[in-house]
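Student: Turn this into a structure:
(one chain, ligands or ions: 2)
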Amino acid sequence: MQTGLILGDQLTLTLASLRVLNPQTDRIVMAEVYDEATYTKHHKQKIALVFSAMRHFADELRESGWKVDYYAYDSESEYRSLFDVVQAHCKQHGSERLVLTQCGEYRLQNAMDKQWRKALEIPVDIYGDDRFICSTSEFAEWADGRKQLRMEYFYREMRRKTGYLMNDGEPQGGEWNYDSENRNRWKGEPPLPTPPQFNRDDIDNEVLELVEREFPDHIGTLEHFNWGSTRAQANAALGFFIQYCLADFGTYQDAMARGEKSLFHSLLSPYLNCGLLTATQVCDAAEKAYKDGRVPLNAVEGFIRQIIGWREYVRGIYWLHMPHYAKENFLGNTRSLPSYYWDGKTRMACMADCFKNTFDHAYAHHIQRLMVTGNFALLTGIKPEEICDWYLAVYADAYDWVELPNTLGMVMHADGGYLGSKPYAASGNYIHKMSDYCTGCEYSVKTRSDHDSCPFNSLYWHFIDRHREQFQKNPRMSMIYRSFERMSEENRALTLERAEHLLEHLDDL
Ligand SMILES: Cc1cc2nc3c(=O)[nH]c(=O)nc-3n(C[C@H](O)[C@H](O)[C@H](O)COP(=O)(O)OP(=O)(O)OC[C@H]3O[C@@H](n4cnc5c(N)ncnc54)[C@H](O)[C@@H]3O)c2cc1C
Ligand code: SF4
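Tutor: Numbers count the residues shown, from 1 in each chain. Ligands and ions are numbered 1, 2, ... in the order given. So this is what the prediction gives:
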């Protein structure tokens, strides 16, 4: 008899380990344990989604003939960690072998490799996670010997490998990337589709009660919980996106609007990351919509690029550079995260809206994460560790392998530039261009150094000035430095003075 351990982000029927185990002879173990639920203060909705999806998946496995031993969350349990559960299970059933699929997180994978193998005294077989399009070794091979890694070139490889949007070896439409068509502001038209409301069953209700009872001090609220917890619901979310949102996904990909949670974004990341949907399934559906003439090329290309490009690329970077990656701090940041990241209380309208979305829904779309809350952390020089912990805690889709490179690399430029050849730093002008936030804000986006000037404006120039050494020679930033030099001396001094004042009173903005 062999034991197969399935983790909370491995809820896929075709998982590598399930393909080698035998339902007639082997047993599956799944567990909700204290250590995993609390190693960071995960948003309540994230815990609820993972526990409920795990319980539904256990039922799905049983219906297909597997014997599943499921350890539901029990705060009094003597089994605090996954290792405790696995050890007890193997002993109880006299397992000859533990079979696993490679973990998403370095922390757990490292423990399995270093400690579990020794302590269990039975063979531990770990299979590569082939739900990803690019294996970790394939990525390492691609990266080997390259002076600079760029997502765009990796993405082209993945297009060739998968054949998505390819035509006789050439990209569909003649271009690899249609990003330049994807930068429109959304001005109320076209109307936003209303995402489906999912019915709750007994499993969901039980889990929601459990989370409220056991994790009262975790961030966020369950009030607006509307994530699907079954494969059927995840499929329905995919169907809804393809039918009602994908056509406008590209055009409004970078837009933001006050009070609007997701615009035309897919809301699919939590399902992709826990295994209820797979990358290929999602891209197949998007490509089919294009081939059927239902969606334009800029939309489908933009969407497929996020999945086979960015998603695979950040995973490759993560496994290539862990564990030292998590400690990088290229810009030498030292500031602590302001309190509004935890309570949402700020007069900056853009930040307040992104925090509300985050706390209410365990969600914010990419531009809210990158250009608002992330940009602010970059400009103010927050310690990478603190801002990474925040992003890991607050989103339903947050897992270390994807959160860390996005935050530490793409947002904070703390890795020196694998995720972008220049930092995504921007003044309030960018936020104003892409959203309606500034019209309802106490601060003025038009000025830099007045008492009510938009904080992003002076902080932007302060960032540029204080990191001259790192960026002045970057050809993509030379124009910015020239603009800074062209400002009058007085203007420059007042701008930097205002920024210094803001940095001294960071918690009060
Ligand atoms: C600071 C920061 C932290 C982030 N943390 C996470 C995280 O913990 N988990 C996570 O899945 N994504 C993370 N992202 C990437 C991205 O913001 C989310 O994947 C996206 O907002 C999820 O919403 P959606 O499903 O509506 O995405 P859509 O905009 O509809 O995109 C479609 C899909 O593409 C993938 N995708 C898009 N952008 C990225 C990206 N940069 N990296 C990886 N996958 C991408 C996702 O799977 C997403 O579901 C982060 C981005 C930033 C800037
Ligand atoms: S004025 Fe500045 S702080 Fe206010 S919403 Fe606009 S960008 Fe944000």
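Student: Quick one: the helices in the stretch 201-350 of the chain, in order.
Tutor: Taking DSSP state H, counting those that start in this stretch to define them, one finds helices in the stretch 201-350 of the chain at 202-214, 231-240, 246-249, 269-274, 279-291, 297-304, 312-321, 340-343, 349-361.
Student: Centre of the chain to the fourth one, how far?
Tutor: Helix 269-274 has its average C-alpha position 9 Å from the chain's average C-alpha position, going by Cα atoms, centre = their mean, to the nearest Å.
Student: now swap in the last one and tell me
Tutor: Here the centre of mass of C-alpha atoms in helix 349-361, compared against the chain's by Cα atoms, centre = their mean, lies 16 Å away.
Student: could you point out which element follows that helix?
Tutor: Downstream of helix 349-361, the next assigned helix or strand under DSSP states H and E is helix 366-367.
Student: Okay, now stretch 115-133: how far is its last residue from its first?
Tutor: End-to-end distance for stretch 115-133: 29 Å, by Cα to Cα, to the nearest Å.
Student: is ligand 1 contacted by it?
Tutor: No. Using Cβ under 6 Å from any ligand atom, stretch 115-133 never reaches ligand 1; the gap is at least 11.5 Å. The way it works is simple: take the backbone N, C-alpha and C, and place the C-beta from them, glycine included.
Student: and the helix or strand Glu385 falls within with ligand 1, contact?
Tutor: For Glu385, the enclosing helix or strand under DSSP H and E is helix 384-394. Yes. Against ligand 1, helix 384-394 shows contacts by Cβ under 6 Å from any ligand atom at Tyr391.
Student: Around ligand 1, pick out the residues from the stretch 301-450 of the chain.
Tutor: Counting by Cβ under 6 Å from any ligand atom, the stretch 301-450 of the chain sits next to ligand 1 at 303, 306-307, 310-311, 314, 365-366, 369-370, 374, 391, 395, 397-398, 402-403, 406-407, 410-411.
Student: please redo it, this time with the cut-off set to 5 Å
Tutor: Counting by Cβ under 5 Å from any ligand atom, the residues of the stretch 301-450 of the chain close to ligand 1 are 306-307, 310-311, 314, 365-366, 369-370, 374, 391, 397-398, 402-403, 406-407, 411.
Student: what sits against Val402?
Tutor: Under the criterion of Cβ atoms under 8 Å, 6 or more residues apart in numbering, the neighbours of Val402 are 273, 311, 314-315, 318.
Student: again, 7 Å this time
Tutor: With contact taken as Cβ atoms under 7 Å, 6 or more residues apart in numbering, Val402 is in contact with 273, 311, 314-315.
Student: and those, which two are the farthest apart?
Tutor: Asn273 and Val314 (11.7 Å; Cβ to Cβ).
Student: hang on, the earlier thing: reformat the helices of the stretch 201-350 of the chain as TSV; add mean neighbour count.
Tutor: Compiled in TSV, those are given as follows (neighbours: other Cβ atoms under 10 Å):
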stretch	mean neighbour count
helix 202-214	17
helix 231-240	18
helix 246-249	22
helix 269-274	25
helix 279-291	18
helix 297-304	24
helix 312-321	22
helix 340-343	17
helix 349-361	22
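Student: Columns distance to ligand 2 on top of those, output as a markdown table?
Tutor: A markdown table is the format used below for these (distance: least, Cβ to the nearest ligand atom, whole Å):
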| stretch | distance to ligand 2 |
| --- | --- |
| helix 202-214 | 33 |
| helix 231-240 | 30 |
| helix 246-249 | 24 |
| helix 269-274 | 25 |
| helix 279-291 | 32 |
| helix 297-304 | 25 |
| helix 312-321 | 27 |
| helix 340-343 | 12 |
| helix 349-361 | 3 |
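Student: Could you provide those in JSON lines, with additional columns for distance to Met30 and mean pLDDT?
Tutor: JSON lines is the format used below for the helices of the stretch 201-350 of the chain (distance: least, Cβ to Cβ, whole Å; pLDDT from 0 to 100):
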{"stretch": "helix 202-214", "distance to Met30": "13", "mean pLDDT": "97"}
{"stretch": "helix 231-240", "distance to Met30": "15", "mean pLDDT": "97"}
{"stretch": "helix 246-249", "distance to Met30": "33", "mean pLDDT": "93"}
{"stretch": "helix 269-274", "distance to Met30": "12", "mean pLDDT": "98"}
{"stretch": "helix 279-291", "distance to Met30": "22", "mean pLDDT": "97"}
{"stretch": "helix 297-304", "distance to Met30": "32", "mean pLDDT": "94"}
{"stretch": "helix 312-321", "distance to Met30": "23", "mean pLDDT": "96"}
{"stretch": "helix 340-343", "distance to Met30": "32", "mean pLDDT": "96"}
{"stretch": "helix 349-361", "distance to Met30": "26", "mean pLDDT": "97"}
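Student: Quick one, which of those gets closest to Gln470.
Tutor: helix 312-321 (19.1 Å).
Student: May I have that closest one as PDB, with CA atoms only?
Tutor: Extracted as PDB, the C-alpha positions of helix 312-321 are listed here (Å, rounded to 0.1, in the frame of the first residue of the first chain):
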ATOM      1  CA  GLU A 312       5.000  30.400 -16.400                       C
ATOM      2  CA  TYR A 313       7.800  32.900 -16.400                       C
ATOM      3  CA  VAL A 314       7.400  33.900 -12.700                       C
ATOM      4  CA  ARG A 315       7.300  30.300 -11.700                       C
ATOM      5  CA  GLY A 316      10.500  29.700 -13.600                       C
ATOM      6  CA  ILE A 317      12.300  32.600 -12.000                       C
ATOM      7  CA  TYR A 318      11.100  31.500  -8.500                       C
ATOM      8  CA  TRP A 319      12.500  28.000  -8.800                       C
ATOM      9  CA  LEU A 320      15.700  29.200 -10.500                       C
ATOM     10  CA  HIS A 321      16.500  31.600  -7.700                       C
END
